[in-house]
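Engineer: Predicted model and sequence follow; I will ask about them next.
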Amino acid sequence: MPAPHFQRYRLILEPLTPIHIGTGEAIDPFDYSISEDKLIAWDLNAVLSHLNSQQRKEFQEKLNHSDPIVMRKWLHGLPKTESQCRLSVGISSAITDELNESLNDSRRACEVHLLPRNPVTGSVYLPGSSIKGAIRTALIASLLKAPAAREHELRSIRDEAQRNPRSGWPGQKFEAAVMGNRRYNGNADLYRDPLRQLAISDIHLPADRSFISKVQIVKPGQTEPDQAGKILMYRELTFCGLTGQQNPQFGLSASSELRLFPQLTDPRRMGRSRDNEPNELPRAWTAEQILQGCREFYFPRLLNDELPRFVTDKPTREFLEKSILAMQSRTDEALIRVGRHSHFECVTLDGYPAADSRFAVAPNRGYGSSRTFVGGKVPLGWAKLRLEPLT
């Protein structure tokens, strides 16, 4: 039997703090209602299609009203069937009253941003592309520390970006120069992107593994929220280690599959193009190198930046410190950060001294002055990543 042309690993993700991955979809109070501890989103088209003649007349009257609250209340009062329910998500008890009150305030949008869902089953999932993007940042940071990093070429890209930030995707050129897939004209050769050898399937979560909660902007040393901190933002989040302490019935980890295709880096297998250019990817990675890259990049971000500067809630701090200590003694686990509100330091190389700050290009408005936390206390996106070989 021929040997498989790829290496398989079970990828296990254990959220340490809640995770929110945006889809671009937000539902507003015209589409949902709150019943006890649940947020129920309705198929508005299905609801309206079943209106009788009297209800249709009332609907036209509400459309002409200048106050959107009138339409909200009328829609919420309509009888609905189970078949018209799009989804039902648990809602944090701490914000139920607040959200109900906001629904009666025309100045509040009360949008709720949802996690990705399988269009057939309706179950929540975490995209493999989000995890791969987080791994990508860590691997590029690890390459920058290598002696072979091409300093002159990277400096020229940095200078070009500073002179004209909108000229020709400087970020892609920078990555290509670091990873070795830059074309003769300086642009990235996406066909030879080394991350093509890495494939990660989506992580599908079991039912009832998410909840709605409020996220809030916080600043270090600030006891009362400023105007930005008073903005009401609601997100659908995964359950995690912290919430699991209070809700032990919820499973706190989920798995998918990671595959590595090392043959894509073999020149004997890949051959040459019609222009006699190499087809193989410029470098190979192993599962051990992926985990090590994530450990070296994300541990300092949490230990040196997030915990000392922003996390003031004692139970949250102690839980994360304990989790990190347990991970540091294992070689098959790493820390990773995924999803929205991961913040500048965890999604770019800028300001990361363990890489090479000579190449850093700071953003115009600076970074690191605030965080968006669940309830103003708990950071988002931190997770434990573990890889187990599969035969």
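Structural biologist: It's in. As the structure is a computational prediction, the values presented were derived from the model and not from experiment.

Engineer: Mind jotting down where the strands sit in the stretch 101-250 of the chain?
Structural biologist: Per DSSP state E, counting those that start in this stretch, the stretch 101-250 of the chain carries strands over the ranges 112-113, 125-126, 198-200, 203-204, 210-218, 233-238.

Engineer: tell me which strands and helices the first one is in contact with?
Structural biologist: By that I understand strand 112-113. In terms of contacts (3 or more C-beta pairs under 8 Å, 6 or more residues apart in numbering; DSSP states H and E), strand 112-113 is packed against strand 26-27, strand 233-238. Every C-beta, even on glycine, is put in place using the N, C-alpha and C of the backbone.

Engineer: Ok, the longest one next?
Structural biologist: Contacts defined by 3+ C-beta pairs under 8 Å, 6+ apart place strand 210-218 against strand 85-91, helix 93-102, strand 233-238, strand 371-374.

Engineer: mind checking the end-to-end distance for stretch 218-238?
Structural biologist: End-to-end distance of stretch 218-238 (C-alpha to C-alpha, to the nearest Å): 21 Å.

Engineer: average pLDDT for that stretch?
Structural biologist: Per-region confidence: stretch 218-238 scores 73 on mean pLDDT.

Engineer: buried sites along the longest helix along the chain?
Structural biologist: Ranked by residue count and defined by DSSP state H, the top helix of the chain is helix 128-144. Neighbour counts over helix 128-144 (16 or more other C-beta atoms under 10 Å) mark 128, 130-131, 134-144 as buried.

Engineer: and what of stretch 281-297?
Structural biologist: For stretch 281-297, a neighbour-count test (16+ other C-beta under 10 Å) marks Leu281, Ala284, Trp285, Ala287, Ile290, Leu291, Gln292, Gly293, Cys294, Arg295, Glu296, Phe297 as buried.

Engineer: Same question for stretch 370-387.
Structural biologist: Using 16+ other C-beta under 10 Å as the test for burial, stretch 370-387 gives 370-374, 376-387.

Engineer: show me what contacts Arg72?
Structural biologist: Pro29, Phe30, Leu103 (C-beta atoms under 8 Å, 6 or more residues apart in numbering).

Engineer: what's the neighbour count on Leu103?
Structural biologist: 19 (other C-beta atoms under 10 Å).

Engineer: ok, now the one 10 residues further on?
Structural biologist: The criterion is other C-beta under 10 Å. On that basis, His113 has 20 neighbouring residues.

Engineer: Please list all residues in contact with it.
Structural biologist: With contact set as C-beta under 8 Å, 6+ apart, His113 has these partners: His20, Gly22, Thr23, Glu25, Ala26, Met233, Tyr234, Arg235, Glu236.

Engineer: That one and Asn100, how far apart?
Structural biologist: For His113, the distance to Asn100 (C-beta to C-beta, to the nearest Å) stands at 19 Å.

Engineer: go on, Ile19?
Structural biologist: Ile19 is 26 Å from Asn100, where distance means C-beta to C-beta.

Engineer: neighbour-wise, which of these two wins?
Structural biologist: Neighbour tally, Ile19 and Asn100, criterion other C-beta under 10 Å: the higher count belongs to Ile19, 28 against 12.

Engineer: Touching, the more buried one and Leu126? I think so.
Structural biologist: Yes: counting by C-beta atoms under 8 Å, Ile19 touches Leu126, with 6.8 Å between them.
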